[in-house]
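A.B. asks: predicted coordinates and the sequence they were generated for:
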Amino acid sequence: MKVKIRKFKKNVLDILLKILLIILFSITTFLLGVLFEKTTSKNSNSSDFDVSQNIDEEKLSALQNKVIKDSYVLNIKWADLGRRMVEDGVIDKVKLAQAVTGGDELPKDLDKYFEEGQDQIEVNLENSQFWVDILWGLGLANRNRILEEGEMMVESDPSIFASTGGWSLGVGDPMDHYSGHSYITLSKDQQKAVSEIAGSIYRPCCGNSTAFPDCNHGMAMLGLIELMVSQGKSQEEIYKAALALNTYWFPDTYLDIAYFFEENGREFAKVSPKELLSKTFSSSDGYGVVRERVGQIPWPSLDGEGGSCSA
């Protein structure tokens with residue numbers, strides 16, 4: 001009799017245990033389903049978030065006009081750099097013209113930079129590709145320790161990068177010109193300044209600083225920094241100029257960043273160019289975080305202007 005009672009109790013316990021396991025399984029499944037639904041909804045909201053639901057076009061236009069200036073004038077001596085690069089085969093003017101305008105000749109407002117006596121550089125959305133390309137040639141060709149001893153040599157073959165192998169606007173092989181011409185001569189202190197500034201300026205198309213100029217924008221920025229440092233420009237002037245060029249090259253990026261600051265109580269115009277150009281905001285990863293925060297913003301048409309990542 002006792003054996004039967006024990007067996008009965010065991011069966012009851014087994015049944016209760018099975019019921020408990022079924023209940024726990026059901027609860028767990030339900031909770032996981034809710035969690036998945038919330039996660040999916042959250043991810044969908046962050047990627048599909050439309051800022052146009054929260055702000056009007058007037059606000060966007062006003063901010064865009066603050067960030068994207070009609071033009072930016074750099075008071076630096078361009079002198080005969082354009083002519084010398086053409087004479088050395090670093091730049092083929094016909095190839096450059098075809099890349100910038102689609103024709104065989106440059107318009108007068110750009111062709112003047114291949115004449116002597118140019119004491120200013122004017123950059124705007126319309127000529128931003130021209131300045132990407134011509135400064136790219138300068139950065140690529142000017143002899144500098146960053147090219148000869150820096151991260152471009154990490155694989156012992158600098159020709160493998162987009163900024164070298166992708167240079168198609170010159171005469172002959174790009175590596176025939178790589179760090180091969182003395183256009184800008186720097187003192188020891190100036191070279192140190194170039195290295196420090198280059199290491200703190202990033203670009204949204206990749207995660208590297210200008211000290212690793214593996215793409216056209218990085219190489220172009222290196223050329224600009226070398227030129228400005230050689231002419232005794234202050235760091236403040238250099239960072240302002242660098243931000244201006246980056247803004248023309250990546251207009252949507254810096255409009256998003258400006259919106260991010262404005263929404264967080266900081267006026268974009270009062271943020272230091274050095275901070276804006278840092279890895280936190282101007283690298284591809286840094287901007288990616290900003291983009292996730294602000295979502296898809298319907299900026300007024302920029303007519304596809306800005307410098308591309310190819311020649």
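C.D. replies: Thanks, I have it.
A.B. asks: now do the strands in this protein.
C.D. replies: 72-74, 121-123 (DSSP state E).
A.B. asks: to residue 190, which of those lies closest?
C.D. replies: With Cβ to Cβ as the criterion, residue 190 lies closest to strand 72-74 of those, at 17.8 Å. C-beta: built from backbone N, CA, C; applies to glycine.
A.B. asks: which neighbouring elements make contact with the closest one?
C.D. replies: strand 121-123, helix 235-249 (3 or more Cβ pairs under 8 Å, 6 or more residues apart in numbering; DSSP states H and E).
A.B. asks: can we see that at 7 Å?
C.D. replies: For strand 72-74, the elements it packs on are strand 121-123, judged by 3 or more Cβ pairs under 7 Å, 6 or more residues apart in numbering; DSSP states H and E.
A.B. asks: partners of the strand it packs on in the sheet?
C.D. replies: Applying DSSP bridges, strand 121-123 is found paired with strand 72-74 (antiparallel).
A.B. asks: can you read off the pLDDT for the most centrally placed residue in the chain?
C.D. replies: The centroid of the chain falls nearest to residue 204 when counting by Cα atoms, centre = their mean (1.6 Å). In this model, residue 204 is scored at 94, pLDDT.
A.B. asks: same question for residue 207.
C.D. replies: So, for residue 207, pLDDT stands at 89.
A.B. asks: give me the number of residues near it?
C.D. replies: Residue 207 has 15 neighbouring residues, counting by other Cβ atoms under 10 Å.
A.B. asks: low pLDDT regions in this structure?
C.D. replies: 1-55, 301-311 (pLDDT under 70).
A.B. asks: do that again at 50, thanks
C.D. replies: Along the chain, the parts satisfying pLDDT under 50 run over 1-9, 21, 25, 28-29, 31-53, 304, 307-308.
A.B. asks: domains of it?
C.D. replies: 2-48, 57-294 (automatic domain parsing).
A.B. asks: deepest of the ones you listed, which one?
C.D. replies: domain 57-294 (a mean of 18; mean count of other Cβ atoms under 10 Å).
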